[in-house]
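A.B. asks: Sharing a sequence plus its predicted fold:
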Amino acid sequence: MSVNIDIRVADRDVEVAFDVAAGETVAILGPNGAGKSTTLDVVGGLLRPDAGRVALDGDVLTGDGRWVAPHARRTALLAQDPLLFPHLSVLENVAFGPRSRGTGRRAARASAEQWLAEVDATELAGRRPAQLSGGQAQRVAIARALAADPRLLLLDEPMAALDIAVAPALRQLLRRVLAGRTAVVVTHHVLDALLLADRVVVLEGGRVVEQGPARDVLSRPRSSFAARFAGLNLVAGTATPDGVRRPDGSVLHGTPGDPAPAAGDEAVAVFRPSAVAVHREPPGGSPRNALVVRIDELEPHGDTLRVRAGDLAADVTLAAATELGLAPGTEVVFVVKATEVSVHAR
Amino acid sequence: MSVNIDIRVADRDVEVAFDVAAGETVAILGPNGAGKSTTLDVVGGLLRPDAGRVALDGDVLTGDGRWVAPHARRTALLAQDPLLFPHLSVLENVAFGPRSRGTGRRAARASAEQWLAEVDATELAGRRPAQLSGGQAQRVAIARALAADPRLLLLDEPMAALDIAVAPALRQLLRRVLAGRTAVVVTHHVLDALLLADRVVVLEGGRVVEQGPARDVLSRPRSSFAARFAGLNLVAGTATPDGVRRPDGSVLHGTPGDPAPAAGDEAVAVFRPSAVAVHREPPGGSPRNALVVRIDELEPHGDTLRVRAGDLAADVTLAAATELGLAPGTEVVFVVKATEVSVHAR
Amino acid sequence: MSRSRHVGLPRWVYLPAALAGVFVVLPVASLATRIAWADFPGLVTSDAALSALDLSLRTSAASTLLCLVLGVPLAVVLARSEARWLGPARSLVLLPLVLPPVVGGIALLAAFGRKGLLGAQLEAWGIQIAFSTIAVVMAQTFVSLPFLVVSLEGALRTAGERYDVVAASLGAAPTTVLRRVTLPLVLPGLASGAVLAFARSLGEFGATVTFAGSLEGTTRTLPLLIYNLRVTDADAAVAMALLLVVVAVLVIGLVRPRGAL
Amino acid sequence: MSRSRHVGLPRWVYLPAALAGVFVVLPVASLATRIAWADFPGLVTSDAALSALDLSLRTSAASTLLCLVLGVPLAVVLARSEARWLGPARSLVLLPLVLPPVVGGIALLAAFGRKGLLGAQLEAWGIQIAFSTIAVVMAQTFVSLPFLVVSLEGALRTAGERYDVVAASLGAAPTTVLRRVTLPLVLPGLASGAVLAFARSLGEFGATVTFAGSLEGTTRTLPLLIYNLRVTDADAAVAMALLLVVVAVLVIGLVRPRGAL
Amino acid sequence: GDDSDAGDKGDKGDTEKTTLTVFAAASLTKTFEQLETTFEDAHPDVDVKLSFGGSSDLVAQITEGARADVFASADTKNMDKLVAADLDDGDPAEFATNTLVIAVPPGNPAGVEGLADLGDKDLDVVVCAPEVPCGSASVEVAKAAGVTLAPDSEEQSVTDVLGKVESGEADAGLVYVTDVKGAGDAVEGIEFPESGEVVNHYPIVGVKDSAHADLARAWIELVLGEGQAVFTSAGFGPPAA
Ligand SMILES: Nc1ncnc2c1ncn2[C@@H]1O[C@H](COP(=O)(O)OP(=O)(O)OP(=O)(O)O)[C@@H](O)[C@H]1O
Ligand SMILES: Nc1ncnc2c1ncn2[C@@H]1O[C@H](COP(=O)(O)OP(=O)(O)OP(=O)(O)O)[C@@H](O)[C@H]1O
Ligand SMILES: [Mg+2]
Ligand SMILES: [Mg+2]
């Protein structure tokens, strides 16, 4: 299910082109009004672009004079507003997709119940949408989109309005269902982008300003928007009980993150540059990780200084940098507490 | 404008009582379906409680056999769903509140323009709500609620759906307008709670499980829900150019946070316990802050250990704690990087 | 046990509303005072009355059905299609509304009568429509259709298309969307439209008498009987009219879905 | 330049929709074929025709206005109030719908006629309604009111109350909510209702002739003239009917708001 | 004379009754309903169906193909239309006449005494519209009497005139003698000398191509013969010819 997107919507000044490989999840990031929802609408067939084309596995959905109706695209779109059908119960809402695809009443019901259980909303099955809280409605809408079993899943801010207690569970659910599925997810949250997406596309003012593998974009953002929330340190390796073993055999200690990896799994350790302390000598004390590195460059970042060494970055104040006499080529120790490092399954 | 709330909505199993002092902002926190929106609806007069009362400055709005109609309460409610009037332009939407209160056409327009400018949406003034992106609609809805100039402002997740580029600006705007205003804000974000609210009320399953000054609840949460996202270190003092001067004269270095304080202002430094490293001796290196403290207690916190010393807490791994031989009564150095400490104006 | 968020109505609204109620109810109540109640049971159970009532109910039900079958698609097309030529088409649907019913009957004769446009063809096939029960149903459908179409189209436009779009993106084909989302959502409007059509059919007189004639058991519906009776026995006519009203209110009361008029 | 999200319609829908269109348009078109076009201009510009047309337009406009003034509040109360007694009240509004118009006229006489319930009182105040233009307007209002009320109530229920609630919480008093939010949001439904009421008034015959009589310039509206003419000059009647149709379609086409029927 | 089964060409089973359809002017409603009983008593296997309406409506329906066996008109003008359309089966025969009378509400509250009072503008007077038969008769009578009528309404039918007088809405109206008689106590009739000047004639005829021409002839015979008593007692005058 690879997707080629190359579209233009003139009256919203949106002109976007990117591809999604088969089985890949792409996250779209960007400020309000950047054209994220517009892009999803066009791919889902809810909006006709002025020009360009959208192709799924080579089948042209839009463009070249062709037009495939939304229902025939098998692209489920979860919009920003949950828009549950007010006249159907929660269960009937979730069963709507399967029923529309011709699944029998009983099977559709069973699959709806299963998806409701997945989003932790089993007890809401008999309610009307008007009787749900905002976050509950959002969860049901997620279940409904997933139950439709689409070839391409389009999610527009699926995690907005979720309380922090459910969000991790849903993030894990999404990770599970997105694995091996072709999907496009709009999000404002860096962790969602990192954990759910293989690749990231950053939109600004209706144009793609940056795209690439999620790790690259998030660790070394080039666009100003991505830079504001990304710039993370990402260290890949295999999971150990208390951290990640790097290819060179050293272990980076951390605490298990949202999708906690089992020992031996592929994993990635994530920590913010601001959490990295820079020392001339390895210090004693609680921090578990002391990495000896050679500074590549120093770049000012607001009133702090970003110290780059290989893949890693540390943010320090100007005062500290002066005091320590940091300069490119200096050998230093990057120190980061294990509690600041979260280890996620890849 | 003090508010007394003591209500019961039987069919949603919500039974909530708390007060809001004049000029105070209260944040309501809690998981999905906890009854947050229900509480706001009752206070705003959109829902009749089965029992109990709501009083504004002693005037009974609901209860004791009285009932004041929503429009007569002067309580503006910004609901979770922006619900902009589809038949009015953005400007007319924002001018709706002032017009309804009897403001002249021109004055209402002027005030609407001003509020639109405040939420950075001036260029949207002429659009219809259908032509807005999700986040744009949310911003306009905020402007509309503020323009109504209510005695009591009720905000239900005002920051959901906002991109991270606008969110800080809007948070500052809200801080400005909430200062000295009586308001109740529902939020899922700890930073919002900390920065916008004087007091925090935590709901779970329709009941108040915890309430108190924002700093107390966020630094030492007692309810399980609050514990999941709070537990911050908060250090109050006066702002210096690069940190906060504590009452004892020592300076905690940090980077300016969202509402950056001017030097000499009252300020609060915020940092997470996980960012605090524990040393036996002050280490060299980039961290600016080394605080000598005596350990009060050690409490296990998942697979980490929370080390409490006076007002401050540090999270360390069990391995580190064992290695350092931490125990109550031990004198240790809490080390935290200046880049991990954000300094906010109070 | 959902409790809807609720905003009060301005008090003054009740004054014109009550006035409107009185204006509608008072004449009917006055009519009831004119009835010789002693004769009433006998009058309304006479053969002629029962046969007319039976015919009225059957034809009105049939024409309401026909209105639904033809009118719902038309309303959907008018509400949802954006084709230019629909603007004028929309006005044409109003024709039977403004035509006095008798003229409507003449128009139907001109189309389907023996000498009408299609009539010759139909006659050749051995079908004679005019002056049959089918003609009654056609006359009623002709005058009632616009009521269904207009009120349903208004409801469809008010409801908008947001949920249709969601349903389509979940894989529902247009027919499924129509059946499971669009129409259920406008159920109050659809019910209002059907009620209007049924009521209009039940009270239909002019087009029926012209196009279908007035023959007991075949084409003489209750309004036609009432018209006839008025010539000979005004009291009986009034009693029969009251019967019609009661029956209509009962039927409508029984079939209307919750919350719909 | 908003481009609405758009879901296609099932293709089969166009078949019954087209059938419905044909069923409505064909008779009227057939009628047009019966007209002696040479005489047409003369007929429709005769004094009698012009005076009847003028009277029809004036009375229909007046009764539509009256329907709006009385009917909008009634529809709002029926759609928004939750009082128990409104259930039966709702059915009562339908009465004039099912009453054959002639009986409606008799009912109006029973209420407002000289010997009617209120008539004696009115006469004492020196008000005589019968045989006046006011009677025409009353008869038209009586038969048209339910159309406005029913279709507006359907639209109000479909639209729901979410925006009303928002408006109230922004400090809008109920009257402001009604004027600036509730009614603008159901504008398509309101327009449909007004069009229905206007059209029904324009075609009204039975109640008018019974309650108001038929005198040129005072009470003889176009449908009454058509009925009269039909006896002596069927062709003239048909021509006049066509005039009525054209005028109605024009008036409705000119006044209807964008997007409304 | 009635020859019972003579006209029955019914090819349906003997359980099915043969239907004889009679179209008659509305003013004949009561009398024809009486005759229906008489006829059906004499012809037990025949079901008479009566269709009443304005004479012009009925003619229009017959020309448009309505299946009628007999047509009885309230005036000669409409009968002539049927003949002109060549739908008559034999010559129409006149079976009754009718004259005008002034109808006033019970007790005659306005004190109407004669036709001249109907020219009084202060009285509420209703008449039939000149286009309908009773209206043209009213115009002629007034002309003959030298009175200028001042109507407040020109009604579509006799029934409407009667309705206005019964309800007290009008002080006086011009209707037929039979109408006043039929209305019983609801109105009073005031005779006036000029009424003889204008006489309304009621012709009847069989309709061409009737499937039951014999039965139709039997009905017409009943109307012209034995049935005359019924018309007389309803207030009709005898046929002029
Ligand atoms: N129906 C419409 N007509 C015209 N312009 C529109 C319409 N809907 C959205 N826009 C505009 O198009 C641009 C892109 O909107 P879009 O909804 O795609 O933004 P987004 O990236 O999803 O933003 P958000 O994060 O706020 O949801 C915005 O400037 C918006 O104002
Ligand atoms: N109209 C209703 N009828 C019945 N129950 C309702 C209704 N609306 C909400 N509820 C239920 O009442 C409870 C409280 O809902 P409420 O909307 O107040 O939650 P909330 O705290 O605002 O949650 P969220 O964070 O998801 O917005 C929930 O269990 C919800 O399902
Ligand atoms: Mg969006
Ligand atoms: Mg909520």
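C.D. replies: Nice, I can see it. Numbering: from 1, shown residues only, chains lettered A, B, ... in the order given. Ligands and ions are numbered 1, 2, ... in the order given.
A.B. asks: so where does residue C:252 fall, helix or strand?
C.D. replies: Residue C:252 belongs to helix C:234-255 when elements are defined using DSSP states H and E.
A.B. asks: Give the residue spans of the chain that score low on pLDDT.
C.D. replies: Looking at chain A here, since you left the chain open. For chain A, the stretches with pLDDT under 70 are A:161-166, A:227-230, A:258-259, A:302, A:346.
A.B. asks: Hmm, no, I was thinking of chain E.
C.D. replies: Counting by pLDDT under 70, the ranges of chain E that qualify are E:1-15, E:241.
A.B. asks: tell me, what residue is most central in it?
C.D. replies: Centroid-nearest residue in chain E: residue E:27, 3.5 Å away (criterion: CA atoms, centre = their mean).
A.B. asks: With chain C instead?
C.D. replies: Nearest to the geometric centre of chain C sits residue C:197, at 1.7 Å (CA atoms, centre = their mean).
A.B. asks: Roughly how far does the residue of chain E found nearest ligand 2 sit from chain C?
C.D. replies: Closest approach between chain E and ligand 2, counting by CB to the nearest ligand atom: residue E:167, at 54.9 Å. To be clear about C-beta, it is placed using only N, CA and C from the backbone, and glycine gets the same treatment. Residue E:167 sits 9 Å away from chain C, going by CB to the nearest CB, to the nearest Å.
A.B. asks: quick one: average pLDDT of the helix holding residue C:252?
C.D. replies: Computed over helix C:234-255, the mean pLDDT rounds to 79.
A.B. asks: in that helix, what's buried?
C.D. replies: Across helix C:234-255, burial judged by 16 or more other CB atoms under 10 Å in any protein chain shown covers C:234-245, C:247-249, C:251-252.
A.B. asks: Also stretch C:169-181?
C.D. replies: C:169-174, C:176-178, C:180-181.
A.B. asks: ok so the residue nearest to the centre of chain E is a helix residue?
C.D. replies: Yes - under DSSP: H, G, I helix; E, B strand; the rest coil, residue E:27 sits within a helix.
A.B. asks: any idea how far residue E:165 is from it?
C.D. replies: 16 Å (CB to CB, to the nearest Å).
A.B. asks: what's the answer for residue A:314, then?
C.D. replies: From residue A:314 over to residue E:165 the distance is 107 Å, taken as CB to CB.
A.B. asks: how long is stretch A:269-284 from one end to the other?
C.D. replies: Start-to-end span of stretch A:269-284 (CA to CA, to the nearest Å) is 22 Å.
A.B. asks: burial count for residue 96?
C.D. replies: Answering for chain A, as no chain was given. Per other CB atoms under 10 Å in any protein chain shown, the neighbour tally for residue A:96 reads 26.
A.B. asks: Chain E is the one I meant
C.D. replies: 29.
A.B. asks: cool, and residue E:85?
C.D. replies: Neighbours around residue E:85, by other CB under 10 Å: 12.
A.B. asks: tell me the phi and psi of it?
C.D. replies: The phi and psi values for residue E:85, taken as degrees, to the nearest 10, are phi -80, psi 0.
A.B. asks: now do residue A:14
C.D. replies: Residue torsions, per degrees, to the nearest 10, at residue A:14 are phi -120, psi 130.
A.B. asks: Contact partners for the residue of chain E at minimum distance from ligand 3?
C.D. replies: In chain E, the residue that lies nearest ligand 3 is residue E:64 (64.1 Å; CB to the ion). Neighbouring residues of residue E:64 by CB atoms under 8 Å, 6 or more residues apart in numbering or on different chains: C:109, C:113-115, C:130.
A.B. asks: will you turn these into CSV that also has secondary structure, neighbour count and distance to ligand 1?
C.D. replies: Listed next are those as CSV, based on DSSP: H, G, I helix; E, B strand; the rest coil; neighbours: other CB atoms under 10 Å in any protein chain shown; distance: CB to the nearest ligand atom, whole Å:
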residue, secondary structure, neighbour count, distance to ligand 1
C:109, helix, 31, 50
C:113, coil, 32, 52
C:114, coil, 17, 56
C:115, coil, 14, 55
C:130, coil, 28, 53
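A.B. asks: List just the nearest of those to ligand 3.
C.D. replies: Nearest to ligand 3 out of the contacts of residue E:64 is residue C:109 (CB to the ion; 59.2 Å).
A.B. asks: How about that closest one, nearest residue that isn't a chain neighbour?
C.D. replies: Excluding its sequence neighbours, the residue lying closest to residue C:109 (CB to CB, 6 or more residues apart in numbering or on different chains) is residue E:64, at 5.2 Å.
A.B. asks: do residue C:196 as well
C.D. replies: Of all residues not flanking residue C:196 in the chain, residue C:147 sits nearest, at 4.1 Å (CB to CB, 6+ apart).
A.B. asks: by contact count, what packs against the helix or strand that contains the one you found?
C.D. replies: Counting by DSSP H and E, the element that carries residue C:147 is helix C:133-159. With contacts taken as 3 or more CB pairs under 8 Å, 6 or more residues apart in numbering or on different chains; DSSP states H and E, helix C:133-159 sits against helix C:47-80, helix C:95-98, helix C:101-112, helix C:187-203, helix C:206-211, helix D:14-33, helix D:133-159, helix D:187-203.
A.B. asks: Which strands or helices does the helix or strand just after the third one pack on?
C.D. replies: Beyond helix C:101-112 on the C-terminal side, the first helix or strand identified by DSSP H and E is helix C:119-124. Secondary-structure packing of helix C:119-124 (3+ CB pairs under 8 Å, 6+ apart): helix C:101-112.
A.B. asks: And the buried residues of stretch C:169-181, which is closest to chain E?
C.D. replies: Proximity of the buried residues of stretch C:169-181 to chain E (CB to the nearest CB) peaks at residue C:178, which lies at 39.8 Å.
A.B. asks: Ramachandran coordinates for the closest one?
C.D. replies: Main-chain torsions, residue C:178, degrees, to the nearest 10: phi -60, psi -50.
A.B. asks: How about the contacts made by it?
C.D. replies: Residues near residue C:178 by CB under 8 Å, 6+ apart: C:76, D:9-10, D:13.
A.B. asks: how close does it sit to chain B?
C.D. replies: 23 Å.
A.B. asks: Ok, residue C:94 next?
C.D. replies: With the distance defined as CB to the nearest CB, residue C:94 ends up 25 Å from chain B.
A.B. asks: and that residue, how many neighbours does it have?
C.D. replies: If we define neighbours as other CB under 10 Å, then residue C:94 has 24 of them.
A.B. asks: Now do the contacts for the residue of chain E closest to ligand 2.
C.D. replies: With contact set as CB under 8 Å, 6+ apart, residue E:167 has these partners: D:106, D:109-110, D:113-116.
A.B. asks: Against residue E:155, how distant is it?
C.D. replies: 13 Å.
A.B. asks: ok, which pair from the contacts of residue C:178 is furthest apart?
C.D. replies: Greatest spacing in the contacts of residue C:178, by CB to CB: C:76 and D:10 (9.1 Å).
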